[in-house]
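Chemist: Got a sequence here, can you model it:
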Amino acid sequence: MLRPIFFGVHLAMIAAIHPYIRKIMEGELAAPPISTTLGNRIVLVDIEAGRIECEYQGLPAFANPAGQVQGGMLAAMLDDVTALLCMASLREDKHCATLSLNVSFLRPGKAGLITGRASLVRQGSRVVNVEGELWQDDKLLATATAVNLVA
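Modeler: Take a look at the predicted model:
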């Protein structure tokens, strides 16, 4: 049996979440390999408020020569959290793909727990705009704006 990767989601809200994301959350489907690599665990999904929170594991294997989490790994976490929110908010017959991800790095991350948060800015029929943030030890590491294509 697959391990559920979430907690803190009210059961009444699960029905509003895209079936693909819901099945991952309930352990019926395996999470995408990139989510597994990043150590993703969905902490909170609030479709009504248009937000999601995930926990990621900044592994020592993600470190750059300075010993900090490499920027590409932080960008991958931001892409993951923003795309998960986009996907979770769509109808059952829809999926999304990232068109652009604009990342601003604010401070270095270190190995350990990194919290990703995303919020919906605008949801159209073909394009969804999402903002994302990464936090570690109550400090903002990076922000992103994502544009996702709905298909």
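
Chemist: ok, I34 - contacts?
Modeler: By Cβ atoms under 8 Å, 6 or more residues apart in numbering, the contact set of I34 is A76, D80. (Each C-beta comes from the backbone N, C-alpha and C, glycine too.)

Chemist: That one: which element?
Modeler: Element membership of I34, judged by DSSP states H and E, is helix 33-37.

Chemist: Kindly report the same for R122.
Modeler: Counting by DSSP H and E, R122 is part of strand 112-123.

Chemist: Pull out the buried positions in the helix holding I34.
Modeler: S35, T37 (16 or more other Cβ atoms under 10 Å).

Chemist: That one: what's the following helix or strand?
Modeler: Assigned by DSSP H and E, the successor of helix 33-37 is strand 41-46.

Chemist: Show me what secondary structure element comes after that next one.
Modeler: strand 51-58.

Chemist: Could I get the contacting residues of L120?
Modeler: L120 neighbours (Cβ under 8 Å, 6+ apart): G50, R51, L85, C86, S89, V128, N129, V130.

Chemist: re the thing from before, partner strands of the strand holding R122, with direction?
Modeler: Strand 112-123 pairs in its sheet with strand 51-58 (antiparallel), strand 127-136 (antiparallel), by DSSP bridges.

Chemist: among the ones you listed, which is nearest A30?
Modeler: strand 51-58 (16.2 Å; Cβ to Cβ).
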